[in-house]
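> sequence? don't have it. structure:
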């Protein structure tokens, strides 16, 4: 699927122009901060919002094609289940609209629910309000994928799940998406989710794609400071202090994981420690007017006020020219 100069205006917000190609059978994550236009982008591709530009699928320009004829399936953030229908009727809705014979509908729905492997078949008689969020998502997924489609889009599939639920649902969702072998576009706000699910990542900032490429390439080689922040789930150090010999008019950025203890490194004092597990922690360090956060081991054996020597890992830091350095944003956690 190819997007060519796609533009949309919603109130004061302008999306695009965006031109990007989605590889057939590939899972692509649309990643960006809140308000960057991620959901608007999906709805525009589907034809749910008025737009300019072209959406080309299988060499056909769909720009003037009605949403229900675009052979696209979309799972909304709130799942959009019919509250007056049980799970069976929700899943079978696309087939009933096409007036498929009831015996075929029953067989297909039970088969699809069984394939979901999430206890969905045992919940076909339940109403949506009686389902936990994980089964609500499974119901929405089954409903959207029970019919023929070429592109599957998901809008924030993990936003309604807690951290414990998400770690299991994310694995199951990736298995389902890979099994379908369809072009999939997933809107996400968390870099960890994007790296776990997607082969490609498009970072969307202020309605425009700031960077697009292989997931690991975008992670390892951010093209600007904002992309680096978005791709750093544990936060990003941004410094311009003399200790790091940063060129004038530039900032040095590196993730907490880009730091290691070294006898030949610079000496910092520990201001505070945030344990992440039984071994590692985020260490807030200070040296003169320079403050950084480092991911180090022995989180429980080190103490506030203690001094540590650190160095930067080779190839794990970036210098960005012309970026505005703000003292209040030395360390940012934006997914």
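Noted; the coordinates are in hand. Predicted model, so just to flag it, every value in this text is computed and none were measured.

> all helices of this protein, in order?
38-46, 87-97, 102-116, 133-145, 163-180, 191-197, 215-220, 225-230 (DSSP state H).

> make a markdown table from those helices and add distance to residue 305 to it.
The way it works is simple: take the backbone N, C-alpha and C, and place the C-beta from them, glycine included. Shown next, in a markdown table, are the helices of the chain (distance: least, CB to CB, whole Å):
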| stretch | distance to residue 305 |
| --- | --- |
| helix 38-46 | 43 |
| helix 87-97 | 57 |
| helix 102-116 | 53 |
| helix 133-145 | 44 |
| helix 163-180 | 32 |
| helix 191-197 | 32 |
| helix 215-220 | 34 |
| helix 225-230 | 30 |
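
> need those helices in JSON lines with distance to residue 322, mean neighbour count and mean pLDDT, can you?
Formatted as JSON lines, these follow (distance: least, CB to CB, whole Å; neighbours: other CB atoms under 10 Å; pLDDT from 0 to 100):
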{"stretch": "helix 38-46", "distance to residue 322": "26", "mean neighbour count": "23", "mean pLDDT": "94"}
{"stretch": "helix 87-97", "distance to residue 322": "51", "mean neighbour count": "20", "mean pLDDT": "93"}
{"stretch": "helix 102-116", "distance to residue 322": "49", "mean neighbour count": "15", "mean pLDDT": "90"}
{"stretch": "helix 133-145", "distance to residue 322": "43", "mean neighbour count": "22", "mean pLDDT": "89"}
{"stretch": "helix 163-180", "distance to residue 322": "37", "mean neighbour count": "15", "mean pLDDT": "86"}
{"stretch": "helix 191-197", "distance to residue 322": "24", "mean neighbour count": "21", "mean pLDDT": "95"}
{"stretch": "helix 215-220", "distance to residue 322": "21", "mean neighbour count": "17", "mean pLDDT": "96"}
{"stretch": "helix 225-230", "distance to residue 322": "10", "mean neighbour count": "23", "mean pLDDT": "95"}
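
> tell me which residues touch the closest residue to residue 271 other than its chain neighbours, please.
Take residue 271 and drop its neighbours on the chain: the residue closest to it by CB to CB, 6 or more residues apart in numbering is residue 284, 4.5 Å away. Shown in contact with residue 284 (CB atoms under 8 Å, 6 or more residues apart in numbering): 270-274, 291, 293.

> try it again with 6 Å
271-272, 293 (CB atoms under 6 Å, 6 or more residues apart in numbering).

> about what we covered before: wait, which of the helices of the chain is closest to residue 12?
Closest of the helices of the chain to residue 12 is helix 38-46, at 12.5 Å (criterion: CB to CB).

> what does that closest one contact?
For helix 38-46, the external contacting residues (CB under 6 Å, 6+ apart) are 8, 10, 15, 30, 32, 49, 51, 55, 67, 72, 74, 153, 155, 187, 204.

> what bits of the protein have low per-residue confidence?
Applying pLDDT under 70 to the chain flags residues 118, 323-335.

> in the longest strand belonging to it, what counts as buried?
In the chain, assigned by DSSP state E, the strand with the most residues is strand 259-275. Residues 259-260, 266, 268, 270, 273 are the ones in strand 259-275 that count as buried (16 or more other CB atoms under 10 Å).

> would you mind confirming that residue 273 is in contact with residue 285?
No. Applying CB atoms under 6 Å, one finds residue 273 not in contact with residue 285, separated by 10.0 Å.

> mind putting the contacts of residue 284 in TSV, distance to residue 240 included?
Listed next are the contacts of residue 284 as TSV, based on distance: CB to CB, whole Å:
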residue	distance to residue 240
271	19
272	22
293	16
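
> check contacts around residue 207.
Taking CB under 6 Å, 6+ apart, we find residue 207 in contact with 14-15, 37.

> and with 8 Å instead?
Here residue 207 is in contact with 13-16, 36-37, 40 (CB under 8 Å, 6+ apart).

> and what of residue 55?
Residue 55 touches 1-4, 6, 45, 47, 61-63, 70, counting by CB under 8 Å, 6+ apart.

> which residues touch the residue nearest to it when sequence neighbours are not counted?
Of all residues not flanking residue 55 in the chain, residue 62 sits nearest, at 4.7 Å (CB to CB, 6+ apart). Residue 62 is in contact with 47, 55-56, 70, counting by CB under 8 Å, 6+ apart.

> ok, back up a step: which residues sit against the longest strand of the chain?
With CB under 8 Å, 6+ apart, strand 259-275 has contacts from 243, 281-287, 291-292, 294-297, 299-300, 302-313.

> please redo it, this time with the cut-off set to 7 Å
Here strand 259-275 makes contact (CB atoms under 7 Å, 6 or more residues apart in numbering) with 243, 281-287, 294-296, 299-300, 302, 304-313.

> same check, this time on stretch 133-150
57-58, 71-75, 79-81, 87, 90-91, 93-95, 108, 112-113, 116, 118-120, 123, 128, 131, 152, 157, 160-161, 165, 169, 176, 180, 182-183.

> what do you get for stretch 67-76?
Taking CB under 7 Å, 6+ apart as the rule, stretch 67-76 contacts 42, 46-48, 62, 140-141, 144-145, 148-155, 157.

> you'd agree residue 15 is up against residue 37?
Yes. Residue 15 is within contact range of residue 37, at 4.6 Å (criterion: CB atoms under 7 Å).
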